[in-house]
Structure formats: structure tokens, C-alpha cells
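Trainee: Structure, please.
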Amino acid sequence: MPGSTGNEQPNGAPALFDKGGNGFPTRYIFAILAFVGLFNMYALRVDLSVAIVAMVKTKITNTTLNASSVTQRADMCPLPNDSFSNGNASEHATGEFEWDGYTQGIVLGSYFYGYVLTQFPGAWVANRFGAKYVLGLTMLISGLLSLVLPVLSRWNLWALVAVRFLQGFVGGVSFPCVHGMCGKWIPPMERTKLSMLIYAGPHFGTVFTLMISGVLAEHLGWDSVFYVFGALACVWFVLWVFFAYNSPEEHPRISVAEKNFLIAAIGNKPTSAGGGPQRIPWSRIARSLPFYAICVAFFGNNWGFFTLLTNLPSYLARVLHFRIEKNGVISALPYLALGILMPIVGVVADKLIASRTLSTTTLRRAYHLIGQLSAAGCLIMVALVGCNVVATVTLLICAVGLLAFSMASFAINHIDIAPQYAGILMGITNTVGAVPGIAGPYLVGVLTSGPDGHNLTQWSIVFYVTAGIFIANGIFYACCASGELQPWDKPKTAQYQLAKRASLRDL
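Mentor: Numbering: from 1, shown residues only. Sure, this is the predicted structure:
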């Protein structure tokens, strides 16, 4: 078209697909880096879930237990002789450490004791000084801790707990940092799509880690798991430092058209009259029902998510008798389904909102309710099918995979209601959401402690409790959530107004 700048879209929106100075939309580069960063963060979080199966001695031998003796108890599954199982009990007794179920619960939950402490402080620091180096350094530290974890594990149990605590402590800032940067880099019309791409990173990281960890532990020893993922985190740190920036305004290679578009579409961080950061409206946040709806959703969703994330490999090994190599692959399937579905439901959500088929509020509420109720139903069925391996695995895949609907609602709802304070809100809500990471594994550890603790009866309690929490939080969110920008978060800065006018001139 004569006079075209090349930055227009067919519908007239400015620079939506602008390629910037480096031949690719700069915000997409941020999304890819953030995806890989969260991929690594979850790899460092879940690697212990599989490795612990190889680390711990199971008090089962051919002389004390065989398939016929197991069937004497109705709430324990027999040892199957198929390609997915151990085939004989002696293959269980390969670990180095004698930890009972209670101790394993402490070890698996120790990450979250640190994780819960730094959600809000990390968000505040990132909001104050910029998220780029805060996120980068925390990932580097977590990776280095992973490299020394095997040595310290063999030295002392509490040294292992301390390392996991520190990994959680530094890892707690990851989501607030990324969420705050999303508020500066992702325009509203791409919010669900790009956010779901980024937040699929943890789940693909989970899939990759669970699958590879089993293979590494089986063939190279359990310590190789921590060496591999620690090294990957260090490599990511280098890429992040060179290619990531806190905001479009700071990026040296972003095109002027894309920068103006992002500032106009999002608005930059509000400032006070003195030029410094504007005071956060704490009192209005504290009175916001939509904010509390997100808190409840985080707690309820994460209870089930973290309980399964940290304990599913143990359930498959101790109850259904999968050997570790196959255990990792099967444990990964639910998170593969979740990682695949998240971008899909994100694209559908943006289309429904853009076409005005559903309002943002209605979509967020409906998505979360669908995810929570469907996951609850699947877990109830898992408790009922008992030792049916095919049915159990299928139901677990559906339970976790369908949580993609919930992730496309509450997980990005902060950006809907307050994009300028998204990182701060994520810090608060993710603190609430980290509590189940402590309580869930602890409950499983208590219920399954003792030589015969891993049985169908005790695990049924775990599944029923989780299903109940899914149902309750889904209903609350469906009644109280909002997708509308709140009055206390509307950017009115001079730079925003100038960028708005510049963007309109490109039309």
C-alpha cells in the first residue's frame, strides 16, 4: 500500500508483528528465554522426585516378599511381571539411604520451605531494581547448588535438606520476576497466548526432567541427575544475561515501532511526582476480592499440582511397582499433556476474548472451574480403580493435563487486573501457593510412613483430599474472580501518552 511503513496489520493495529532490529519480534525473544528459564527452574525442582526412588533403600527383597504374599493384602498391588515393572523384588533394593516415608516427605518438601519465604521479597526487589539480574543470579545459584548436592547428600541428611531449602529460597523469585516482566513485555491482545507459552516452560521442564532422570539414574547413577540439570541452568544464565532486558525501554536493539507499540498497549511503570517508583496501593489491594480469588486459586490448584509433582514417582514405584527407568517416563506423561494443552487453550482463550464471544472475566472463571472440577473427578476415579495400571495412568494424565484450563485463568489473572503490579501480586499469591508444596508432601509422608505405608487405602485419602480442595477453590474463584483492570492500576505517565500518540501515528 502506498505510504505504508510496513508496521501495520490488516486490522490497523500498529506493529503487532514488527520484527525489530534483529529480524524477530523482541517480545518473542523474551518469551522464549523466559520459557527456557522456567524450564530449568522446574528441572531443578523436580529432579529429586525421581532421583529419590534410586537414592532410598526399599526394605523389600526376594526372601521377604513375593507376588503371592503381596496379594494377601487387599490394599496392596501385586508385583506384576511385565515390561513396565521390576519383575522381581530384588531390583528395588538399590538405594544408598535408609529413609522412611516421613523422612522422604521432609526431604521432598524442604525445597518449599525456602520457596515460600522469597516470593514477596523477591518480587519487591525485582520491582525495585529490575528482574533481569535478580532472576539470572537466582538461577545460577540454584544450578551451582545442584552440582554440589550429591556430595553433601552422602555427607549428611540435613546438608541435603539445607541445599534443597536454599534452592527453594533462591528459586522463589522466579515466577514473580517473570510475571513482572510479562507485564512490561506482553500486550493485552497476546497476553494469554504468550503467557501460556512461557508458563508451559515449567511443565516441559518437568516432562524432560522426569523422563531423563529415570534414564540417568538407571544407567549413570542418581548423582548424574543433579550434575546434568545444574550445568544446564548455568548455560541458560549466560544466554539470559546477554539477550534479556527488563523492559522495552531498556532494550538496545528493539525497533522504535515495536517499543512505541508496547508502551502504548501496556503503559510503562507509573511514577510519582518526584520521579521515583509510585507507592504500591497496599490498602486497595488488601480490599480487592479479585485478588483474594487469585490467592485461593493458587492455593487450591497448587495443592494438587505439587502433591502429584513431588510424590507421583513414589506412588508409581511403591504402589504400582514401576521400575525407575519406566517410572520417569510414565511420571512425565501427565506434564507432557499439560505442556501441550497450555498453549492451545491459551490461543483459544485469546480468540474468544478478541471476538467478544466471552468477556475476560467470564473466560477466566469458566476456564478455572473446568480445570478444577475435571481434575477432581479424575483423582476420585484414580482412588476407585486401584491396581488397574492403564486406567490409573490414563486418569492421572487427564487430571494434570486438564489443569491447563486453570493455568490459563488464575495464573495470568494478575496481568488482567493490575499489569503494573503483576510481579508484586504474583509474589504474594505464589507465597500462598507455595504453602501446599510444604503441606502436601508432608501429609503424604505422614500417611505413607511405616513399612506398609504405601498402600491403596492411604493413597486414596491423598486423592480424596486433593479432589475436595480442587472443587472448593474452583467454586470460590468462579464466584469472585475478575478479568477487568482495577481502578488502582491505570498508567497515566507522560511517556505513556507520548508513546500512545506515536503509535497512533503509525496507523
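
Trainee: who touches G114 in this structure?
Mentor: R164, F165, L166, Q167, G168, F169, V170, G171, G172 (CB atoms under 8 Å, 6 or more residues apart in numbering). All C-beta atoms are positioned from the backbone trio N, CA, C, and that covers glycine.

Trainee: so after the strand or helix carrying F229, what's the next helix or strand?
Mentor: Per DSSP states H and E, F229 falls inside helix 223-243. Sequence-wise, the next helix or strand downstream of helix 223-243 (DSSP H and E) is helix 256-266.

Trainee: Could you measure from the closest residue in space to M407 that isn't next to it in sequence over to A131?
Mentor: Leaving aside its sequence neighbours, M407 sits nearest to M342 (CB to CB, 6 or more residues apart in numbering; 5.6 Å). The gap separating M342 from A131 is 22 Å, by CB to CB, to the nearest Å.

Trainee: next one: M139
Mentor: In terms of CB to CB, M139 sits 12 Å off from A131.

Trainee: if you count what's nearby, which of these two comes out ahead?
Mentor: A131 (28 against 25; other CB atoms under 10 Å).

Trainee: show me the contacts for that one.
Mentor: Taking CB under 8 Å, 6+ apart, one finds P176, C177, V178, G180, M181, N246, G423 in contact with A131.

Trainee: where's it relative to G483, distance?
Mentor: Taken as CB to CB, the span from A131 to G483 is 24 Å.

Trainee: so which pair among the contacts of A131 is furthest apart in space?
Mentor: Maximum pairwise distance in those, criterion CB to CB, is 13.5 Å, between P176 and N246.

Trainee: Tell me which of these two has more neighbours.
Mentor: Between P176 and N246, P176 has the larger neighbour count (other CB under 10 Å), namely 33 against 22.

Trainee: measure the more buried one to G122 for me?
Mentor: 5 Å.

Trainee: what residues are shared contacts of the two?
Mentor: By CB under 8 Å, 6+ apart, P176 and G122 have these common neighbours: G427.

Trainee: low-confidence ranges in the stretch 401-507 of the chain?
Mentor: 450-453, 490-507 (pLDDT under 70).

Trainee: That one: strands as residue ranges?
Mentor: Applying DSSP state E, counting those that start in this stretch to the stretch 401-507 of the chain gives no strands.

Trainee: Tell me the helix or strand right after the strand or helix carrying L309.
Mentor: For L309, the host element (DSSP H and E) is helix 289-318. Reading on from helix 289-318 to the C-terminus, the next helix or strand found by DSSP H and E is helix 324-354.

Trainee: Of all the residues in that following helix, which ones are buried?
Mentor: 324-339, 341-343, 345-346, 348-350, 352-353 (16 or more other CB atoms under 10 Å).

Trainee: List the contacts of G122.
Mentor: Shown in contact with G122 (CB under 8 Å, 6+ apart): V134, T138, G172, V173, P176, C177, G427.

Trainee: what does A376 give?
Mentor: T466, A467, G468, F470, I471, G474.

Trainee: Any of these buried? List them.
Mentor: Buried among the contacts of A376 by 16+ other CB under 10 Å: T466, A467, F470, I471, G474.

Trainee: Work out which residue lies at the spatial centre of this protein.
Mentor: Per CA atoms, centre = their mean, the C-alpha nearest to the average position across the chain is that of P202, at 4.8 Å.

Trainee: Which helix or strand contains the residue nearest to it when sequence neighbours are not counted?
Mentor: Spatially, and ignoring its direct neighbours in sequence, P202 is nearest to Y42 (3.9 Å; CB to CB, 6+ apart). Under the criterion of DSSP H and E, Y42 resides in helix 26-55.

Trainee: I106 touches G445, doesn't it?
Mentor: Yes - at 6.8 Å, I106 counts as touching G445 under the criterion of CB atoms under 8 Å.

Trainee: Show me which of those two is the more surrounded one.
Mentor: Shown here are I106 and G445; by other CB under 10 Å, G445 has more neighbours (24 against 19).

Trainee: If you rank the contacts of G122 by neighbours, which is first?
Mentor: Within the contacts of G122, P176 tops the neighbour count with 33 neighbours, counted by other CB under 10 Å.

Trainee: any idea how far that one lies from E258?
Mentor: P176 is 25 Å from E258, by CB to CB.

Trainee: swap in S224?
Mentor: Distance from S224 to E258, by CB to CB: 43 Å.

Trainee: neighbour-wise, which of those two wins?
Mentor: E258 (23 against 17).

Trainee: The more buried one and L239, how far apart?
Mentor: Distance, E258 to L239, using CB to CB: 21 Å.

Trainee: Apart from its chain neighbours, what residue comes closest to P187?
Mentor: According to CB to CB, 6+ apart, the nearest residue to P187 is A265 (3.8 Å).

Trainee: from memory the one you found sits against P188, does it?
Mentor: Yes - between A265 and P188 a contact is recorded at 6.3 Å, counting by CB under 8 Å.

Trainee: The stretch 51-200 of the chain: helices as residue ranges?
Mentor: Along the stretch 51-200 of the chain, the segments classed as helices by DSSP state H, counting those that start in this stretch run 67-70, 101-115, 119-129, 131-155, 157-171, 174-185, 191-199.

Trainee: Quick check: Y199 touching M342?
Mentor: Yes - using CB under 8 Å, Y199 makes contact with M342 at a distance of 6.5 Å.

Trainee: Which residues are in contact with each of the two?
Mentor: By CB under 8 Å, 6+ apart, the residues touching both Y199 and M342 are M407.

Trainee: So what touches the host helix or strand of H203?
Mentor: H203 belongs to helix 201-220 when elements are defined using DSSP H and E. The contact list for helix 201-220, computed with CB under 8 Å, 6+ apart, reads 34-43, 46-47, 49-51, 53-54, 222, 224-225, 228-229, 309, 313, 323-329, 331-333, 335-336, 338-339, 342.

Trainee: Ok, stretch 382-397 next?
Mentor: So stretch 382-397 is in contact with 77-78, 80, 84, 308, 312, 320, 330, 333-334, 337, 378-379, 381, 399, 456, 459-460, 463-464, going by CB under 8 Å, 6+ apart.

Trainee: mind redoing it with 6 Å?
Mentor: By CB atoms under 6 Å, 6 or more residues apart in numbering, the residues outside stretch 382-397 that reach it are C77, L320, I330, L333, P334, A337, C378, M381, L456, S460, F463.

Trainee: could those residues be laid out in a markdown table, adding distance to N127?
Mentor: Output for the contacts of stretch 382-397, formatted as a markdown table (distance: CB to CB, whole Å):
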| residue | distance to N127 |
| --- | --- |
| C77 | 50 |
| L320 | 45 |
| I330 | 41 |
| L333 | 37 |
| P334 | 34 |
| A337 | 34 |
| C378 | 38 |
| M381 | 43 |
| L456 | 47 |
| S460 | 44 |
| F463 | 39 |
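
Trainee: picking up where we left off before, how about the helix holding Y42: buried residues?
Mentor: Those buried within helix 26-55 under the rule 16+ other CB under 10 Å are 26-31, 33-55.

Trainee: taking the mean pLDDT, what do you get for it?
Mentor: Helix 26-55 comes out with an average pLDDT of 86.

Trainee: Please find the angle between the direction vectors of that helix and helix 223-243.
Mentor: Using axes from the mean of the first three to the mean of the last three CA atoms, to 10 degrees, the direction of helix 26-55 lies 170 degrees away from that of helix 223-243.
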